[in-house]
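Trainee: No letters, just coordinates:
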């Protein structure tokens, strides 16, 4: 990593977390130049090592583990052993950041809660991520992404009216919680640089799902508690009127964003839209009917035909791509956001890079995730553990 991208060079992160949210936060810190030492159980390590997204396994471990833990070091410790626990406390005393995502109460029983840590490591920025916050009636429930989505109300924003709750196709609660935690930790590091003192940064999957929905929750909270109304046809956003949505063309799909309907009447040669175009109040109340009229027209020609008409007129639209198409686009290749890394067994993997550019450069990793305890001996020697 070059000097221009390693903004956190010299920052030591001790990461006690596993699964996705905590490790995602430490991955972002690692991408910014921090050194991340991942603490793992000697017998199995991070459970994500065996959490398979599919039947794709690299040297006996899941690709997701390599993706979210690339470039980190692994120190294997059994925290039920007094010697290993003492070694961890000594390491933490020399760290800048600690991240943990144990269930509330567990880390305190180990003597590693923030109130304990700040006594022997007052400089530490302590990042904690839970499922539903530090207390409350849900505190003992599993803090898992799908369950957080279910409890947050977000599943009623996807799919179409009448579909029932539809989950997001990604672990959005984990990813947003990790990003929020990283943001708070970075602010804590800035403060630490000014005062020399650490702080406690907390978030949860549930809080992150609330924040994720702030746009539509604002309407609910200020409009008499009105629940979101999904379109019954080509739903794309509960709060936006027609034509916002994704439509089938003759050879694929076309996404149409915010566009005044009166612009589409002439461009699509669609007189049936004219009555609605003259009455903007119907763009939401009659959006299913409007979308069906547009869909019937768009289905008559291929996507490139419509793009050639709409894009020159600055209509916000795009062809819907799958991964095989997207990865071949020059726009994607110009990002240079895929990198080749190698694990400790000499196996090469293609993984994503940081979504940030610093001084025009994107940080690059060369190593995949480590084996369990791969750096244990060298870390113990370095820190006299």
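Mentor: Nice, thanks for sending it over. Treat the numbers as computed from the prediction; the structure is a model and nothing was measured.
Trainee: For the closest residue to residue 370 other than its chain neighbours, give me its contacts.
Mentor: Distances taken as Cβ to Cβ, 6 or more residues apart in numbering place residue 74 nearest to residue 370, at 4.2 Å, with adjacent residues excluded. Where you see a C-beta, it was placed from the backbone N, CA and C, and this is true even at glycine. By Cβ atoms under 8 Å, 6 or more residues apart in numbering, the residues touching residue 74 are 37-38, 40, 45, 369-376.
Trainee: tell me the secondary structure for residue 74?
Mentor: strand (DSSP: H, G, I helix; E, B strand; the rest coil).
Trainee: before we move on, the earlier item: please narrow the contacts of residue 74 to those residing in strands.
Mentor: Residues of those located in strands (DSSP state E): 37-38, 40.
Trainee: So which of the residues you listed is the closest to residue 251?
Mentor: Comparing those against residue 251 with Cβ to Cβ places residue 38 closest, at 46.6 Å.
Trainee: List only buried entries from the ones in strands among the contacts of residue 74.
Mentor: The neighbour-count test (16 or more other Cβ atoms under 10 Å) marks 37-38, 40 as buried among the ones in strands among the contacts of residue 74.
Trainee: Need the residues that contact stretch 161-174.
Mentor: 19-21, 24, 145-146, 148-150, 152, 154-156, 158-159, 205-206, 208-209, 212, 229-232, 235.
Trainee: again, but for stretch 26-36
Mentor: 1, 5-9, 11-13, 15, 17, 38, 68-73, 96-97, 99, 178-179, 182, 185-186, 353-354, 356, 358, 363, 365.
Trainee: Any of the residues you listed buried? List them.
Mentor: Buried among the contacts of stretch 26-36 by 16+ other Cβ under 10 Å: 1, 5-8, 11-13, 15, 17, 38, 68-73, 96-97, 99, 178-179, 182, 185-186, 353-354, 358, 363, 365.
Trainee: Make TSV out of the buried ones among the ones in strands among the contacts of residue 74 and add pLDDT and distance to residue 196.
Mentor: TSV is the format used below for those (pLDDT from 0 to 100; distance: Cβ to Cβ, whole Å):
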residue	pLDDT	distance to residue 196
37	98	22
38	98	26
40	97	30
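Trainee: and of those, the nearest to residue 381?
Mentor: residue 37 (13.4 Å).
Trainee: Tell me what that closest one is bridged to.
Mentor: For residue 37, the beta-bridge partners are residue 14, residue 73 (DSSP bridges).
Trainee: That one reaches residue 11, doesn't it?
Mentor: No - the criterion here is Cβ atoms under 8 Å, and residue 37 misses it with residue 11 at 11.5 Å.
Trainee: Take the buried ones among the ones in strands among the contacts of residue 74 and write them to CSV, including distance to residue 198.
Mentor: Output for those, formatted as CSV (distance: Cβ to Cβ, whole Å):
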residue, distance to residue 198
37, 17
38, 20
40, 24
